[in-house]
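> mind looking at a prediction? Sequence and model below.
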Amino acid sequence: MTVSADHSASPVSVLSSALPREYVHKSAHSEVLLTGWRAVAPDEYVITAQWPRAHSFYSPDASGHHDPLLLAESVRQAIPLLSHVAYDAPFGHRQIWDTFTYSMNAGALVVGSAPADITLHIACSDITRRGRRLAGLTMHVTATREGELLGTAEARFTNQSQAVYQRLRGHNADLAQVAARTIPLPPPLTPRRVGRDRFHDVVLSPTSATHRTQLRTDVNHPILFDHPVDHAPGMLLLEAVRQAAHGCAFPRRGVLTDLEIRFFRYAELDAPCWIETTPAPGGMTASGRLPVRVRARQNGADVFTATATISAAVKTSATLSLCSTL
């Protein structure tokens, strides 16, 4: 199956639909957020997406905001999409995050009376190749919602062939062996403490230390583990950062408006992974922002380091907000 880069026809002549799930590396059609793409200049693209008003995991918060990690998931889906359709990476190649950042406009996250139509304006740079094969690139993303700035993001990733990935992962690439070695699931933190409503969606487990938790890798979670993998997925790690930051802000509620994360190695499923948080000195600022430093360590080495900022959310009428800002 192929997808044309020419999606410039008017809405009257083109019916809207989600892109094929194979292009965004999802098993469930229902989890595909991207709806179209087109090239607008060399190494520049426009990708469209739609965010549902409700989602089984990325659900709106109590203040009526879309989950900001929907932007992260949209960018994550754009990585394999562009790798395959714009840079000729074969199916079976793996795209591996090096760094990811985003900054959100919380006012544009308000849930409206219809699904949110999102446009991602993407410029690619630092493109490297090994021979003819894509080796990596950086995506610079500006996201808008009906013309209003929603946020910006940047992602650096590498692209590995299946053979190279197998060599890098060694025995960890064997899904059956990984499944046999996966550690038991530890008990979750209280959902309310980490900004969640259900125990099933909590990805952190308490420890005896105040600012240290254990990552919960529930391989049966239908969203975070959409298909079998040999390590903790990147979106699970972003969720761990978000929940750790919410835990530092508790009992105050807010929106994860800013995130910076750098990945160093895979989070394996056969050993405990510890999530350590350090709140900013002085706590929440006068403007209602709380930066939190988050670090993950496994087997004595850093898996990732991150800075997450929780911003106070003001509960508003979705209808009034959309009428005034869109």
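Arrived safely. Numbering: from 1, shown residues only.

> secondary structure class for residue 267?
coil (DSSP: H, G, I helix; E, B strand; the rest coil).

> pretty sure it is touching residue 215, no?
Yes - with contact defined as C-beta atoms under 8 Å, residue 267 and residue 215 form a contacting pair (6.7 Å). From N, CA and C alone the C-beta is placed, and that goes for glycine too.

> identify the contacts common to the two.
Here residue 267 and residue 215 have 232, 236-237, 273, 296 as joint contacts, going by C-beta atoms under 8 Å, 6 or more residues apart in numbering.

> just the ones of the residues you listed in helices?
Under the assignment DSSP state H, the shared contacts of residue 267 and residue 215 contribute 236-237 to helices.

> now render the shared contacts of residue 267 and residue 215 as JSON lines, adding pLDDT and distance to residue 151.
Listed next are the shared contacts of residue 267 and residue 215 as JSON lines, based on pLDDT from 0 to 100; distance: C-beta to C-beta, whole Å:
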{"residue": "232", "pLDDT": "97", "distance to residue 151": "25"}
{"residue": "236", "pLDDT": "98", "distance to residue 151": "21"}
{"residue": "237", "pLDDT": "98", "distance to residue 151": "20"}
{"residue": "273", "pLDDT": "98", "distance to residue 151": "28"}
{"residue": "296", "pLDDT": "98", "distance to residue 151": "24"}
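
> show me which of the shared contacts of residue 267 and residue 215 is closest to residue 41.
residue 237 (32.7 Å; C-beta to C-beta).

> circling back: could you identify which of the shared contacts of residue 267 and residue 215 has the most neighbours?
Using other C-beta atoms under 10 Å as the neighbour criterion, residue 237 leads the shared contacts of residue 267 and residue 215 with 28 neighbours.

> for that one, list the residues it contacts.
215, 261, 263, 267, 296, 303-304.

> these in strands, which ones?
Assigned to strands by DSSP state E, the following of the contacts of residue 237 qualify: 215, 261, 263, 296, 303-304.

> burial measure for residue 242, as a count.
Neighbourhood size, residue 242 [other C-beta under 10 Å]: 26.

> which pLDDT value goes with the closest residue to it other than its chain neighbours?
Excluding its sequence neighbours, the residue lying closest to residue 242 (C-beta to C-beta, 6 or more residues apart in numbering) is residue 256, at 4.9 Å. Residue 256 carries a pLDDT value of 95.

> what about the helices in the stretch 101-250 of the chain?
Along the stretch 101-250 of the chain, the stretches classed as helices by DSSP state H, counting those that start in this stretch are 162-169, 175-181, 234-249.
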